[in-house]
Structure formats: structure tokens, C-alpha cells
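A.B. asks: Below are the sequence and a predicted model; questions follow.
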Amino acid sequence: MMEPTGITMTSFSIETNESEFKELSARLYAYIKKMRELRNGAPQLDSHNFFKSVDSMEREMVNLKTLYEKEIMRLRQQCEEMNRQRYQLELQNNKLEVSASELQSQFAAETQKSNSLSVELTTLQKEYYAKEEEYQKSMREVVASASGQMEVNAANRKLDQTLRENMDLHRRYTQQLGR
């Protein structure tokens, strides 16, 4: 058997309370009517029975009043509890919305950072391949121009410079890949 939820219990309780209130109201109406009848018919009754009836009616009225007050107090407590729960849920919802907003901002920043790193990596790859091609060209020139020592020395210096640049670009390229 399924247990009723808080909402179902509350609606069941409200329906029960409504029927109890109707019953209590009907009893109150009957007593008031009887009191009026007794008051109107008081000269016909003896005073002892009249006061006895009035006393009985007063006790019943006090009991009804007590029942109404208890029911009203219980309903107020239920309303207060529901308001507390609603307030707590609203606070929790606000915290979750702030958290979601922060996560969206972080995601956008990381996406932008990733895109800029990708562009920089592509640029470094192009530079690396260009330097590699320049190095290969220098090597071919060195081999082809072996005729003069000066040309060889100049070519070696250019080759060393190109190698250093190539190594530097290669190091930056691998660092970018490591990120």
C-alpha cells in the first residue's frame, strides 16, 4: 500500500477538517436553536430545568469553542510549517541558480581559453614547418656550395642559427601540446 505524500495528506486533512467543521457548525446551530426555544418557552418550564438546560448548553458551547480553537491552532501550525519548508526550498533553489550561473561562466572562460590555445598551437605548427623547410634548404645550399670555406662557415652559422630557432620552436610546440 502506498503511503500518501505530504500534499495528499494535507488535502485529506483539509477535507476531513471541512467535514468536522460542518458537523461542529451544525451542532452549534442546533444548540443555539434549542437555546432560543428554551428562552422563548422559559415561562412554561420550571426554573430548575431551565437553568439546568442553560448550564448544559454553556458547557457544550465551551467545548465547541475549545474544539474550534484547537483546530485553528493546528491549522496555523501546519501553515507555518509549510511556509518554513517553502522558504527553505526557495533558498536552496536560489543557491542552485547561483551555482549554475557560476559554472556556466567558468565553462565559457575555459572554452575561450581552449580556442585561443588551439589557434596559438596552429600558428606554432606553421612556424615549425616553415623553419624545418628553411633548415632543409640551408642544408642543400651547404652541400651544393662546398666550393668555398667562407661560404661553408657562413652556411654553418646560418645552419646553427636555424637549428637553434628550430629547436626553440619545437620546444614551444611540445609545451603547447602538453597543456
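C.D. replies: Right, received. Where do you want to start? Numbering: from 1, shown residues only.

A.B. asks: Quick one: name whatever helix or strand follows the biggest helix by length in the chain.
C.D. replies: Longest helix in the chain, counting residues (DSSP state H): helix 47-144. Using DSSP states H and E, the next helix or strand after helix 47-144 towards the C-terminus is helix 149-178.

A.B. asks: where in the chain is pLDDT low?
C.D. replies: Scanning the chain for pLDDT under 70 picks out 1-15, 41-48, 50, 142-152, 179.

A.B. asks: Could you list the domains of the chain?
C.D. replies: 1-108, 115-179 (automatic domain parsing).

A.B. asks: In TSV, list those along with mean neighbour count.
C.D. replies: No exception for glycine: its C-beta is placed from N, CA and C like everyone else's. Shown next, in TSV, are the domains of the chain (neighbours: other CB atoms under 10 Å):
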stretch	mean neighbour count
domain 1-108	11
domain 115-179	13
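
A.B. asks: follow-up on the earlier one: report the angle between the longest helix of the chain and helix 149-178.
C.D. replies: Here helix 47-144 runs at an angle of 170 degrees relative to helix 149-178 (axes from the mean of the first three to the mean of the last three CA atoms, to 10 degrees).
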